[in-house]
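Visitor: here's a sequence, model it:
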Amino acid sequence: MTAPEPVEYSQTAPTQLVQLSAGISEAADIFMQTDEFGRTPMVVIPKYRDTFLNWMLIAGPLVIIGGVLAGMNTEYQTLIIALSVILGLVLIVNGVLSGTRVVIPEGVYALIASSGKYKDTVQAGMHYFAPWTRVSHFVTKLAIPYQVNVRGAPTADDVRADVDATVTLKVKDPYKFVYGLTTTDFDQYFQAVCQDRARQRIREMESGAVYELKHSNTDEVRMVLEEAIAPFGIEIDSLYITSARLPPAFMASQEARRLAMVQTAEQEQQQELALRRQSDADQLARLEVVAKVERERQLLQQQAQLAEMRKKVAEVDAETQLASLARVEEAIARYPLAFEADLERMRIEIARSLAANSRAIVQVQNSGDFLSIVGAQALTAPDGAQSGVSAQSAATAQVTSNSDAEATSPSELPA
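Guide: I've put the predicted structure just below:
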């Protein structure tokens, strides 16, 4: 529903049209204002002709008669009678002319009746009529602002609406207006037509569209109203809807409803935002897990590749060692004496190394190895200490005759 604009409640009372009676000279002033009851005059009936007519017609004959009587038996009888007759005739002629002359004020239509029958409609200015012809009605040319107040009109959803409208009326055919319907009856008729058409229009719309009436096109409504009052010589110059409003209690409930809708929408937005955040967090967690799994997969793949490379390197090393051992075996097979000599030299060097360590405990397989070690120790020791060294080595060395015993490698002996 469209939010309502601030509306000032109209305090203007409905217009009442009326027909009044007044003198010809007062007609123009009467149409310019309302009467004491606030009613707007549209028709004025002249109360009488100008009083100038009566005394001039009476004074003329009296002057003639008085002059004749006053001039009799006087020296200036002829002169006095002549002057009184002339003055009386002037008054009579003036009275007649004044009785047939009518001044129509500006801004009105004047309806002329002859012997009680409508004869013509004349405009503003000075006009001369026969004595049996008179002005029967004055009708205003002014535009009449007609106020229509519609109260409690039900809408399509059964909400009571109040609408105020101003219709500007103009009389185009004063004869139809005066003799077709009295002013009071036309007022009641037109008010009823406006009320009926406004209620029909409001009944066709929802309550939310009532506030849009002020800005809606009123041409259709004006055409309907003009068609209804056309037989009476009236046309509608303009139609404006000045106010359209709903009951304050209903507006308060609608405001509370809109506020609840706004709050609900805000809560839905917050909930949607929270769900979106949760979804983003879940998606981010899934992405992190996927990334972690991918990293671990890549790491495992790298480790597998590294293990494969190490395996290949080990295989290459094994093949190289096998090839080297094969070459050594081939050399031993081809040069056995040289191998024996090298082996003997290595034994002597080892024996010398062991002989230099007095704390070494050596297990030998036979007496030949023991003699080799003792000899090497004797060769490495000084001359004065050779006997002591030999005795100490003999006391600490343990000889086992077990032919299956294995010699301890130099790397396994304690320092």
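Visitor: can you give me the strands in this protein?
Guide: In the chain, strands defined by DSSP state E lie at 17-22, 40-46, 101-104, 108-114, 117-122, 125-128, 133-140, 144-154, 160-171, 234-245, 363-364, 398-399, listed in chain order.
Visitor: which residues of the protein score low on pLDDT?
Guide: Along the chain, the model assigns pLDDT under 70 to residues 1-12, 48-54, 56, 71, 95-99, 357-415.
Visitor: can you give me the helices in it?
Guide: Taking DSSP state H to define them, one finds helices in the chain at 27-31, 52-71, 77-100, 174-180, 183-203, 219-229, 248-334, 336-355, 367-380, 386-396.
Visitor: residue 137 is nearest to which of those?
Guide: When the helices of the chain are compared by Cβ to Cβ, helix 174-180 sits nearest residue 137, at 5.0 Å. Every residue, glycine included, has its C-beta placed from N, CA and C.
Visitor: tell me the domain ranges of the protein?
Guide: 18-140, 143-175+183-247, 248-334, 337-412 (automatic domain parsing).
Visitor: for those, give me JSON lines that also has mean neighbour count.
Guide: Putting those into JSON lines (neighbours: other Cβ atoms under 10 Å) gives the following:
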{"stretch": "domain 18-140", "mean neighbour count": "16"}
{"stretch": "domain 143-175+183-247", "mean neighbour count": "17"}
{"stretch": "domain 248-334", "mean neighbour count": "10"}
{"stretch": "domain 337-412", "mean neighbour count": "13"}
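Visitor: what's residue 161 in contact with, if anything?
Guide: Residues in contact with residue 161 (Cβ atoms under 8 Å, 6 or more residues apart in numbering) are 150, 152-155, 202, 207, 210, 244-246.
Visitor: adding distance to residue 166, write those residues out as JSON lines.
Guide: Output for the contacts of residue 161, formatted as JSON lines (distance: Cβ to Cβ, whole Å):
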{"residue": "150", "distance to residue 166": "12"}
{"residue": "152", "distance to residue 166": "20"}
{"residue": "153", "distance to residue 166": "17"}
{"residue": "154", "distance to residue 166": "23"}
{"residue": "155", "distance to residue 166": "22"}
{"residue": "202", "distance to residue 166": "17"}
{"residue": "207", "distance to residue 166": "23"}
{"residue": "210", "distance to residue 166": "18"}
{"residue": "244", "distance to residue 166": "13"}
{"residue": "245", "distance to residue 166": "16"}
{"residue": "246", "distance to residue 166": "20"}
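Visitor: so which of these is the closest to residue 228?
Guide: residue 150 (16.2 Å).
Visitor: how much space between that closest one and residue 187?
Guide: If you measure residue 150 against residue 187 using Cβ to Cβ, to the nearest Å, the figure is 16 Å.
Visitor: cool, and residue 145?
Guide: Noted for residue 145: a distance of 13 Å to residue 187, by Cβ to Cβ.
Visitor: what of residue 86?
Guide: According to Cβ to Cβ, residue 86 and residue 187 sit 55 Å apart.
Visitor: repeat that for residue 343.
Guide: According to Cβ to Cβ, residue 343 and residue 187 sit 150 Å apart.
Visitor: correct me, but residue 210 touches residue 155?
Guide: Yes: with contact defined as Cβ atoms under 8 Å, residue 210 counts as touching residue 155 (6.5 Å).
Visitor: what do these two both touch?
Guide: Here residue 210 and residue 155 share the contacting residues 161, 202, scored by Cβ under 8 Å, 6+ apart.
Visitor: can I get the strands of the chain in JSON lines with distance to residue 283?
Guide: Below are the strands of the chain laid out as JSON lines (distance: least, Cβ to Cβ, whole Å):
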{"stretch": "strand 17-22", "distance to residue 283": "77"}
{"stretch": "strand 40-46", "distance to residue 283": "76"}
{"stretch": "strand 101-104", "distance to residue 283": "92"}
{"stretch": "strand 108-114", "distance to residue 283": "86"}
{"stretch": "strand 117-122", "distance to residue 283": "89"}
{"stretch": "strand 125-128", "distance to residue 283": "94"}
{"stretch": "strand 133-140", "distance to residue 283": "81"}
{"stretch": "strand 144-154", "distance to residue 283": "55"}
{"stretch": "strand 160-171", "distance to residue 283": "53"}
{"stretch": "strand 234-245", "distance to residue 283": "52"}
{"stretch": "strand 363-364", "distance to residue 283": "72"}
{"stretch": "strand 398-399", "distance to residue 283": "77"}
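Visitor: between the ones you listed, which gets nearest to residue 28?
Guide: strand 108-114 (6.5 Å).
Visitor: ok and that closest one relative to strand 160-171, angle-wise?
Guide: Using axes from the mean of the first three to the mean of the last three Cα atoms, to 10 degrees, the direction of strand 108-114 lies 60 degrees away from that of strand 160-171.
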